[in-house]
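Student: got a sequence here, can you build the structure:
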Amino acid sequence: GMSINCIISKINNQLKDTKIYQGGHNLISILHSTSEKKYISVIRDPIERAYSFYQTSLKDKKQPYNYLAKKSLYHFITYCPEAQNIFCKYYSGEIEKDINSDLFNRAVENVNNFYQIFDFQNFENDITKFIKTLGIQNVEIPHLNKSYHKTNITDDERKIIKFYNYYDLKLYEFIKSKKN
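Tutor: Residues are numbered from 1 along each chain as shown. Below you'll find the model as predicted:
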């Protein structure tokens, strides 16, 4: 989000020949495969991500899914497509489709070609290592737009989120195993 874009701006100011494209939540391009371009991404525990998105949507009336969040977590997760396997959707390049094993495998294939994946839980350490590999120094690592939500997700809430994020959880475990 905002933190990574701020950091990329600072990195781009110091890079001479190449620049890192800044974006928001962008899916894999159908024009540039992960073997042709160097993709970077931040991944977060899917349960924590979906719950945080729910909490943000619940508290902010300007959020497009506020009306669902106000009903319940169940309604939010069940009817909000952005709360269901969103990493697999973005990494497969198929944002409008429900994830199945074929799209999951495409996401895994793309992830295997990513240049860098930062773990949200270890963001500062991961980004610091990345900056060093670029030979850049003195880049402040801010944490912008940080929200402080309820962090104790109940077992029932966890089950609901888990059900609708089966493939994201599988992908997250795959990525974590690659990093170790």
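
Student: flag the shaky bits of this protein, pLDDT-wise.
Tutor: The model of the chain has pLDDT under 70 over residues 1, 144-151, 180.

Student: tell me, how many residues neighbour Thr133?
Tutor: By other C-beta atoms under 10 Å, 8 other residues sit near Thr133. The C-beta positions use only the backbone N, C-alpha and C, and glycine is treated the same way.

Student: same check on His25?
Tutor: 10.

Student: relative to Tyr74, how far out is Lys38?
Tutor: Taking C-beta to C-beta, to the nearest Å as the measure, Lys38 and Tyr74 are separated by 39 Å.

Student: and the strands in the protein?
Tutor: Applying DSSP state E to the chain gives strands spanning 40-43, 116-119.

Student: go through these and name the closest to Ile86.
Tutor: strand 40-43 (10.5 Å; C-beta to C-beta).

Student: neighbouring strands - and their directions - for the closest one?
Tutor: According to DSSP bridges, strand 40-43 forms sheet pairs with strand 116-119 (parallel).

Student: okay, the strands of the chain in CSV with distance to Glu173 next?
Tutor: What follows is the strands of the chain, written out as CSV (distance: least, C-beta to C-beta, whole Å):
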stretch, distance to Glu173
strand 40-43, 11
strand 116-119, 12
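
Student: make TSV from those and add distance to Ser177 and mean neighbour count to it.
Tutor: Listed next are those as TSV, based on distance: least, C-beta to C-beta, whole Å; neighbours: other C-beta atoms under 10 Å:
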stretch	distance to Ser177	mean neighbour count
strand 40-43	13	18
strand 116-119	12	17
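
Student: if I look at the residue most central in space within the chain, how far off is Gln22?
Tutor: By C-alpha atoms, centre = their mean, the chain has its centre lying nearest to Ile43, at 4.1 Å. Distance, Ile43 to Gln22, by C-beta to C-beta: 18 Å.
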